[in-house]
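1. Quick one: sequence and predicted model below, then my questions.
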Amino acid sequence: MPEILDQARTQVLESGVGLDQAGVLAVLKLPDEHLPAALQLAHEVRMRWCGPEVEVEGIVSLKTGGCPEDCHFCSQSGLFASPVRSVWLDIPSLVEAAKQTAATGATEFCIVAAVRGPDARLMKQMREGVAAIRAEVDIQVAASLGMLSQEQVDELVDMGVHRYNHNLETCRSYFPNVVTTHSWEERWETLRMVRESGMEVCCGGILGLGESVEQRAEFAAQLAELDPHEVPLNFLNPRPGTPLGDRPVVEGKDALRAIAAFRLAMPRTILRYAGGREITLGDLGTRDGLLGGINAVIVGNYLTTLGRPATDDLALLTELKMPVKALSATL
Ligand code: SF4
């Protein structure tokens, strides 16, 4: 057994203390023959510190495309030739999407907008939309609207948004290679305000942007320092027309190594499979990830690409005897 896995068994599984950057790097560099042991350990850590429940979440796009920022992986940037154009969803459609999401058993409904940060129009849409959903649907509302001012953070709390997603996307040292219209530090500042507001912090990123394996470890350590409630882990699904449109996808075994390593860095977080898993891992990989440290999934479609049908994921959870997390009675 490699030394790092022995160390992780004592430190992470038994004491609940996540691996540091060097430890994560050692896991990311494990030879293939030790990958099953790493996944098994990550699974035990998840069961011990999070339990068997899986959080199911749906997302909807309130405003799609036409974003002024230049995140090189994103087909919603208005600066690239990618085929996603600016579209707004109306409130009745938003409520309908929340109802459909709740019908799958999901407890989280995340409203997403492709913007640098919300303007007055978007905040008004949010106020009306969140109120309509809360009046009609039994589901928790989360939001992902880009960078926020303190005033906007306070307003979202006031609306009853309980979780805010804002991804750091990649480690601090690699970020300028991927985004030039805003900084990693600006993203961190929004996350700091969200954390202090009492909203749950959801923060993750995308692997396969061209970062080195050392930078993946750096990213895991920076996320662990932030200590988010939830970490969505995406794998690049190269979108035609974006600057990263020709990048190769992350190799399946590297993706699984990353899942195990991120779990061992953050034993208590909700580690969520987000976009890109279908092309990186395929059907088998979804199962491997859920038995390797993942404990949350998005059902249905992602923002700009098609995901697996919700029923497939829910059937897999039943087969794996992993109960879908229920809405807490206190909410
Ligand atoms: S990732 Fe977000 S901020 Fe960046 S271009 Fe896409 S929608 Fe805009």
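-> Now that the structure is in, tell me what you want to look at.
2. rest of the way, CA atoms for contacts and neighbours
-> Noted.
3. the helices in the stretch 101-250 of the chain, which residues?
-> Under the criterion DSSP state H, counting those that start in this stretch, helices of the stretch 101-250 of the chain are mapped to 120-136, 150-159, 184-197, 213-226.
4. okay, the ones you listed, which one's buried deepest?
-> Among these, ranked by average contacts under mean count of other CA atoms under 10 Å, first place goes to helix 213-226 (a mean of 21).
5. between it and helix 184-197, how many degrees?
-> Angle, helix 213-226 to helix 184-197, by axes from the mean of the first three to the mean of the last three CA atoms, to 10 degrees: 30 degrees.
6. what does this protein put close to the ligand?
-> Neighbours of the ligand within the chain, by CA under 6 Å from any ligand atom: 67, 69, 70, 71, 74, 76, 77, 114, 115, 116.
7. Mind putting those into a markdown table with neighbour count?
-> Listed next are those as a markdown table, based on neighbours: other CA atoms under 10 Å:
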| residue | neighbour count |
| --- | --- |
| 67 | 23 |
| 69 | 19 |
| 70 | 21 |
| 71 | 24 |
| 74 | 27 |
| 76 | 29 |
| 77 | 26 |
| 114 | 26 |
| 115 | 21 |
| 116 | 17 |
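8. wait, which of those is closest to residue 37?
-> Among the residues of the chain next to the ligand, residue 74 lies closest to residue 37 (CA to CA), at 34.4 Å.
9. Wait, residue 153 touches residue 196, no?
-> No: using CA atoms under 8 Å, residue 153 makes no contact with residue 196, being 9.6 Å away.
10. Format the helices of the stretch 101-250 of the chain as a markdown table; extra columns: mean pLDDT and distance to residue 205.
-> Below are those laid out as a markdown table (pLDDT from 0 to 100; distance: least, CA to CA, whole Å):
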| stretch | mean pLDDT | distance to residue 205 |
| --- | --- | --- |
| helix 120-136 | 95 | 24 |
| helix 150-159 | 98 | 21 |
| helix 184-197 | 97 | 12 |
| helix 213-226 | 98 | 9 |
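11. Could you save these as CSV and add columns showing distance to residue 40?
-> Converted to CSV, those look like this (distance: least, CA to CA, whole Å):
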stretch, distance to residue 40
helix 120-136, 39
helix 150-159, 38
helix 184-197, 32
helix 213-226, 19
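12. Of these, which is nearest residue 315?
-> Per CA to CA, nearest to residue 315 of the helices of the stretch 101-250 of the chain: helix 120-136, 27.0 Å.
13. and the closest one with helix 150-159, angle?
-> Using the same axes, to 10 degrees: helix 120-136 against helix 150-159 is 20 degrees.
14. contacting residues around residue 52?
-> Counting by CA atoms under 8 Å, 6 or more residues apart in numbering, residue 52 touches 46, 295, 322, 323.
15. Which helix or which strand is home to the first one?
-> Assignment of secondary structure by DSSP states H and E places residue 46 within helix 35-49.
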